[in-house]
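J.: no sequence on this one, just coordinates:
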């Protein structure tokens, strides 16, 4: 199939997705859990792809994602709360010191930029570390950032450890979908550019990459900042989705969740991360919820079902994937029109052989 | 005198919690030394040990339930190693670490399910639960017992590692995994032994820790686990005395920070310390410098 | 093979997307939005018990001349502001007419917008932070508020212990804790007292340093509005450090978890609360029998049959919801929301009526209780209002 043709089909698929979302929004009540899952799935896709850019494509094992999301979420919320509502949000801090607010897109851009700036600063010392040490240092930084944002001396800006709310949010699923799609698109372009090839070279063999003339420090820093930028935007979107945020929710367990999504989707696969995000969110927040309530089928009380069982089943599924499907759903391949065509052709061939 | 009476409690709390971190940190440092794996599930094994004690004491006397806890914890440690780490022995290091995160997630959720989300009260253990007067400060007996017990256990462990055959095998495996296998060392047994010792010490640690802070929730193990790991890195990963000293330093510093009124940053400080040491001396206080082989 | 699995999963996602819940006839659903795990798990379960007991007492309701079966739809919000919106969305998509909950103000504030979007009214049972109901028309509550509770406690500390210096220990990032601490501080300083404030992070288990600081500062009372999980540790640490000053706390501490922690120890624990056991003997006897009849209920109540104030509040919240349904004459959430403004009910915890601005309960007294460390029960101290 020609490249042009597959591009056209991809574009049609993308438009079809938009149409499906619009139709779903028309059909379902606005608070239906399916829409909530779609919204959160879009946001997590963005964050997971940004983490994949670092862990899967550049081979830098960073566990700081929750920290950068926190920065993004706070930057967005602090900058966009309408001036009229500041007094009630910052009720313990006399309305705070920031007495202006910016439009939504400026806020989202600011959240990305601030996260990237922090990443650049943190990257200066930390990126010299290797593998596990880098992981634990970034994890440590995420915890430090969280403590910093909870510090009540900064309360006039961050509202201390209290909730930020009343900032503009989105009501349609299309908003996070389009923003995430645009951001993921930028990252895909980057991965396919010469920068992306340099990232992969660093992942596969640092020393060989350096010998080929790739500036290690520069490329690592670039990957770290770009990844953090999009994690920050993702954090801003998450703030919009949650309608209220608190530093306390951006714990290391959030990073672990995203890491698991990346691994389930396949390290080094953008479409894998997206697919895994939707599956992960849908099963953890929706499909498996029936496991939490007691059930009787035909007079027989199903054993084990009670609050918390959902999470046990869910973590067992994750362990099975981690152990037995080590390369995740997609491995390091991508989901593409060509791939699907080949897939069906191969299926046909196999059947022919059997016959 | 006034200065001492005001600050002694902070110091005592620091030493006590430091000793408890030390017992967990040994598990991290030994496993990392051999497998190069941050065993994220170790803190949760520590938590499970506490839950086992809680449930065991409801149906049997203490002198049975404590040994039972030790046995169950060791068995769990070995099971985790066999089920989640052994199949990945030849996989990239990141896969093993993710498997460890998965195990940690599973153990926490299992604990959540079993406890029904309610905090469990840790049983009072006679003698070490009693209060004692030290100068102007009142504290629990366990505060005094912990450092002593920690030092005794570490001493015994050092004897084991330096003067027995299995200890020699451990040192060999830590030094060079592949070569020691070629030399006829049953590396799998060595790894099992490492997990056995690590889990045993975590169980003892949980006994002391939860006697002091008598409430067990599924996430109880996460923070102590992370701090113990930081202690292990701080002291130089792979070095047992390093881990112990690192743990005491972190325990004491943490309490001094709290005493100074910087409570918001008490956890953050631990990580700041970690980052500083990683940048200034990446091998930790007592770690041996390893050269990267091309 | 792996591809097929992936394909099947995609198909499942699409199919799942169009599934909708169909409601049976003559059933009215009441959502129970409570934590069953996390920091507030213990309190949430006790509150749920009250609602469940009320449901067993009155399983049907007559709305507009038709008999409806009341079905409780329960969801666990995990005490977390992060998980609350999707838990709330789940509840809403099950088609509930009104929501009860939640214990812990943080999750209530976080979920508020989801309920508002869906047009489903919510009745806060024991979420005392003002921000829950402030500026909206769908969140009501039947309990008193933190500014009131904080002032009551400050007055109590001043009146009974002649306290001039207080140590306020709150949890970082907990809206309930921070809010109540703030209002106590404000009121206490207004009375001419001095306050030393401290915070502890989530998951903190070591309270030795905090208690030491309090002792070193020579405070007269320690005020710790925290979840019961932290409370256990604070009481234990205070007892082992030989602290002689009284510990004060808000409604969350009114729980048998606290009684068990304080039993046999040399500590004084005072709490303000909504209900004192013995306030309504018929209710007490009924719920005790109901709790003791089922081992799960007994475990959820913390292992004994002490009636927590939150349980009584849950019971009242259920009947308030039934009253609102009756007044609305329909199961339509919007009609229920409208009817709630004028709904009144005389419950076991007193008269319940909503003021017309934010939908807060009109309450002007709180009960103060002290933990009896010998019998392991609450002793009534006083009914305290604002001076």
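T.: Ah, there it is. Source: prediction; values computed, not measured.
J.: who are the packing partners of the strand or helix carrying residue A:75?
T.: Using DSSP states H and E, residue A:75 maps to helix A:65-80. With contacts taken as 3 or more CB pairs under 8 Å, 6 or more residues apart in numbering or on different chains; DSSP states H and E, helix A:65-80 sits against helix A:33-52, helix A:104-126, helix A:131-150, helix A:155-158, strand A:164-165, helix A:216-242, strand A:244-245, helix A:252-265. Every C-beta, even on glycine, is put in place using the N, C-alpha and C of the backbone.
J.: need the residues that contact the fifth one.
T.: Defining contact as CB atoms under 8 Å, 6 or more residues apart in numbering or on different chains, one finds that strand A:164-165 is touched by A:74, A:77-78, A:81, A:89, A:158, A:239, A:243-246, C:109, C:131.
J.: now those in TSV, with pLDDT, distance to residue B:239 and neighbour count?
T.: Supplementary listing: the contacts of strand A:164-165 in TSV, determined by pLDDT from 0 to 100; distance: CB to CB, whole Å; neighbours: other CB atoms under 10 Å in any protein chain shown:
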residue	pLDDT	distance to residue B:239	neighbour count
A:74	96	39	27
A:77	95	45	27
A:78	94	44	24
A:81	93	50	23
A:89	86	50	23
A:158	89	40	22
A:239	93	43	29
A:243	85	49	23
A:244	86	46	26
A:245	88	41	28
A:246	87	39	28
C:109	89	48	27
C:131	86	51	25
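J.: ok, of the residues you listed, which one's closest to chain B?
T.: residue A:158 (11.8 Å; CB to the nearest CB).
J.: pull up the gap between that closest one and residue C:173, please.
T.: 11 Å (CB to CB, to the nearest Å).
J.: cool, residue B:151 as well?
T.: Computed as CB to CB, the residue B:151 to residue C:173 distance reads 38 Å.
J.: how about the residue in the stretch 151-300 of chain C positioned nearest to chain A, nearest residue that isn't a chain neighbour?
T.: Chain A sits closest to residue C:173 of the stretch 151-300 of chain C, with a gap of 3.2 Å, by CB to the nearest CB. In this structure, residue C:173 finds its nearest non-sequential neighbour in residue A:248, 3.2 Å apart by CB to CB, 6 or more residues apart in numbering or on different chains.
J.: so what's residue A:65 up against?
T.: Neighbouring residues of residue A:65 by CB under 8 Å, 6+ apart: A:47, A:50, A:51, A:142, A:231, A:254, A:255, A:258, A:259.
J.: nearest to chain C among the residues you listed?
T.: residue A:254 (8.1 Å).
J.: mind checking how far the helix ranked longest in chain B is from the chain centre?
T.: Determined from DSSP state H, the single longest helix within chain B is helix B:2-35. Offset of helix B:2-35 from its chain centre (CA atoms, centre = their mean, to the nearest Å): 10 Å.
J.: and residue B:71, what pLDDT?
T.: pLDDT, residue B:71: 96.
J.: where's it, which helix or strand?
T.: Residue B:71 belongs to helix B:62-80, assigned by DSSP H and E.
J.: same question for residue C:51.
T.: With DSSP H and E as the test, residue C:51 turns up in helix C:41-57.
J.: quick one: mean pLDDT over that helix.
T.: 91.
J.: contacting residues around the residue nearest to residue C:83 when sequence neighbours are not counted?
T.: Of all residues not flanking residue C:83 in the chain, residue C:77 sits nearest, at 5.9 Å (CB to CB, 6+ apart). Counting by CB under 8 Å, 6+ apart, residue C:77 touches C:33, C:34, C:35, C:83, C:84, C:87, C:88, C:101, C:102, C:107, C:111.
J.: hmm, try it at 7 Å
T.: The contact partners of residue C:77, by CB atoms under 7 Å, 6 or more residues apart in numbering or on different chains, come to C:33, C:34, C:35, C:83, C:84, C:87, C:102, C:107, C:111.
J.: next: residue A:318.
T.: Applying CB under 7 Å, 6+ apart to residue A:318 gives the contacts A:260, B:102, B:105.
J.: now for the last one, how many residues are close by?
T.: Using other CB atoms under 10 Å in any protein chain shown, the number of residues around residue B:105 comes to 24.
J.: likewise the first one?
T.: Applying other CB under 10 Å, we find 21 residues neighbouring residue A:260.
J.: how far away is the residue in chain B that chain C sits nearest to from residue C:79?
T.: Nearest to chain C, among the residues of chain B, is residue B:117, at 3.1 Å (CB to the nearest CB). Counting by CB to CB, the separation of residue B:117 from residue C:79 is 9 Å.
J.: what is in contact with the two at once?
T.: Taking CB under 7 Å, 6+ apart as the criterion, residue B:117 and residue C:79 both touch C:37, C:38, C:41.
J.: which one of those residues is nearest chain A?
T.: residue C:37 (6.3 Å).
J.: contact partners for the residue nearest to the closest one when sequence neighbours are not counted?
T.: Excluding its sequence neighbours, the residue lying closest to residue C:37 (CB to CB, 6+ apart) is residue B:117, at 3.1 Å. Going by CB under 7 Å, 6+ apart, residue B:117 touches A:307, A:308, C:36, C:37, C:38, C:41.
J.: give me the three-state assignment for the fifth one.
T.: Local secondary structure at residue C:38 is given as coil here, using DSSP: H, G, I helix; E, B strand; the rest coil.
J.: can you get me a residue count around residue A:324?
T.: Going by other CB under 10 Å, the residues that sit close to residue A:324 add up to 8.
J.: show the pLDDT at it.
T.: In this model, residue A:324 carries a pLDDT of 87.
J.: check the one 10 residues further on too.
T.: What the model reports for residue A:334 is a pLDDT of 79.
J.: how far is the host helix or strand of residue A:8 from where the chain is centred?
T.: For residue A:8, the host element (DSSP H and E) is helix A:3-27. Centroid displacement of helix A:3-27 relative to its chain, using CA atoms, centre = their mean, is 22 Å.
J.: got the buried residues for that helix?
T.: A:6, A:9, A:21, A:24, A:25 (16 or more other CB atoms under 10 Å in any protein chain shown).
J.: same deal with stretch B:187-201?
T.: Residues of stretch B:187-201 classed as buried by neighbour count (16+ other CB under 10 Å): B:187, B:190-201.
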